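Peer 1: everything below, folded, please.
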Amino acid sequence: MRKIVMLIALYGVPLFAFADDQLNSADTAWILTSAGLVLFMTLPGLALFYGGLVRTKNVLSVIMACFSITSLISLIWAAAGYSLALTDGGSWQSFIGGVSQLFLFEMNADRLVGNLPESVFAMYHMTFAIFAPALIVGALVERVRFFPLLLFCALWELFVYVPICHWIWGDGWLAEKGVMDFAGGIVVHGSAGIAALVGAIIIGPRKGFPRTPLMPHNLTMTAMGAGILWVGWHGFSAGSALMANGSAGMAMLSTHLCASSASITWIVMDWIKFGKPSVLGAMTGMVAGLGMIAAGAGFVSPFGAILIGIIAGIACFYSIHLIKQFLLIDDALDVFPVHGVSGILGTLLTGVFADEWFGGIGIISEEGIFNQLLIQLFGIAVIILWSGLISYLLFKLIDKFIGIRVNQEAETGGLDINQHDQQGYNF
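Peer 2: Predicted structure coming up:
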């Protein structure tokens, strides 16, 4: 009985549990707002954040990717993603959802999921489905062709994100085992981070890496994007309560404190290692904190969130140096060391800091922290293997039959002209 109560607390509204669903206007208003905030994270937040980090000749290609992925994934989510991820799959429920809402054919204003209109519920989760593949773009910028990138994101959405979303948030088999992920630690950040790492390895480094510094062209643009991400993330975390309640309030507070803690930690790390605090470092630390708190946002205490932020700042700081300087993998905008590492490690830490001993709301496992850690590790391993394997196959097949990388001349001249026949700046 305790586990059933915990699951209701963890996921806000069980997807298929209530027979007497009743609309709650306050909750509906909050989730409508949260959906707008999360979409704001991708457009314009991620577009500006990523756009400022590339060189001048590639800025439009990044912004175009974010806009196009948003449009494409929205249609895929409506056509099949929502139904397969978050509706009742009947006898296949543990592994995949049903087909009752393909093309949202049965959607109307009166249908409810818990205390929310189903249209609001579907729209809110659509914004998560958009953000995950958009993250992957950051690892592959400045060297991939536009159409193969969109094709990869579309297939990745269907074969990676949708099943993982169902397994954890759609009452699937990982949820049954007790894996805790409040707002996308491994559903979004872990799965996308692994795909980004696989893609960076398969596609190979940009011309000049690592000998030539490939510097951001506009940190002011990046700072604007970072600020939007920070604000929008509250829709990501607090909205995942699916209610306008104390859980949403704690998630918002914990998210903000973790981001603040991680940013300050990164500033200190920069100061110690390089002698001066870095603007980019402050922003990167903030994003690392946001990623690491995702899994535990509604589960941990504010104090636990601050400790998680410190861990995020240190772990992701060194992860970037490991990936780029030691392993020489050109994950261009640090998607895996920031989002992947933070999402995976944050999911693991949720099994510790969610415990009541640390001020959290409690863990699912009745056998204690160690057993919950094993459950979290199992969930992490499944997502790493699934996203890694499917992403590898998709990248290899697309590259073999279509070709995913631009030629050397196009890379030298920039993707803005080569892929879109336009320039971000006319000097």
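Peer 1: and the nearest residue to Cys316 once chain neighbours are set aside, how far from Thr220?
Peer 2: Counting by Cβ to Cβ, 6 or more residues apart in numbering, Ala288 is the residue found nearest to Cys316 once chain neighbours are left out, at 3.9 Å. Yep, even glycine has a C-beta here, placed from its N, CA and C like the rest. Separation of Ala288 from Thr220 (Cβ to Cβ, to the nearest Å): 21 Å.
Peer 1: neighbour count winner among these two?
Peer 2: Set Ala288 next to Thr220 and count neighbours by other Cβ atoms under 10 Å: Ala288 wins out with 35 against 11.
Peer 1: I figured the more buried one was touching Ile314, is that so?
Peer 2: No - with contact defined as Cβ atoms under 8 Å, Ala288 does not reach Ile314; the gap is 9.5 Å.
Peer 1: low-scoring stretches of the chain, by residue?
Peer 2: Within the chain, the set of residues satisfying pLDDT under 70 comprises 1-20.
Peer 1: which helix in it runs the most residues?
Peer 2: For the chain, the longest helix by residue count, based on DSSP state H, is helix 369-401.
Peer 1: off-centre distance for that one?
Peer 2: Its chain's C-alpha centre lies 14 Å from the corresponding centre of helix 369-401 when counted by Cα atoms, centre = their mean, to the nearest Å.
Peer 1: one more: stretch 411-427?
Peer 2: Centroid separation between stretch 411-427 and its chain, computed with Cα atoms, centre = their mean, is 28 Å.
Peer 1: contacts for it, please.
Peer 2: The set of residues external to stretch 411-427 that reach it, using Cβ atoms under 8 Å, 6 or more residues apart in numbering, is 51, 55-61, 63-64, 142-143, 145-146, 206-207, 406, 410.
Peer 1: for Arg405, phi and psi?
Peer 2: phi -100, psi 140 (degrees, to the nearest 10).
Peer 1: I'd like the distance between it and Cys66.
Peer 2: Spatial separation of Arg405 from Cys66 under the definition Cβ to Cβ is 20 Å.
Peer 1: just want to know which of these two has more residues nearby.
Peer 2: Between Arg405 and Cys66, Cys66 has the larger neighbour count (other Cβ under 10 Å), namely 23 against 16.
Peer 1: show me what contacts that one?
Peer 2: With contacts defined as Cβ under 8 Å, 6+ apart, Cys66 is in contact with 42-43, 46-47, 50, 134, 137.
Peer 1: measure it to Leu197 for me?
Peer 2: Noted for Cys66: a distance of 20 Å to Leu197, by Cβ to Cβ.
Peer 1: Met64 now?
Peer 2: Remark: distance between Met64 and Leu197 (Cβ to Cβ) = 23 Å.
Peer 1: more neighbours: which of those two?
Peer 2: Between Met64 and Leu197, counted using other Cβ under 10 Å, Leu197 has the larger neighbour count: 25 against 19.
Peer 1: pretty sure that one sits against Val338.
Peer 2: No - if you go by Cβ under 8 Å, Leu197 and Val338 don't touch, sitting 11.5 Å apart.
Peer 1: what are the boundaries of the strands in the chain?
Peer 2: All strands of the chain, identified by DSSP state E, fall at 112-113, 116-117.
Peer 1: among these, which is the most enclosed?
Peer 2: Comparing the strands of the chain by mean neighbour count (mean count of other Cβ atoms under 10 Å), strand 116-117 ranks first with a mean of 22.
Peer 1: mind listing the strands that strand pairs with, and their directions?
Peer 2: When pairs are called by DSSP bridges, strand 116-117 turns out to pair with strand 112-113 (antiparallel).
Peer 1: residues contacting the closest residue to Ala305 other than its chain neighbours?
Peer 2: Taking Cβ to Cβ, 6+ apart, and ignoring the residues beside it in sequence, Ala305 has Ser254 as its nearest neighbour in space, at 3.7 Å. Taking Cβ under 8 Å, 6+ apart as the criterion, Ser254 is in contact with 237, 293, 296-298, 300-302, 304-305.
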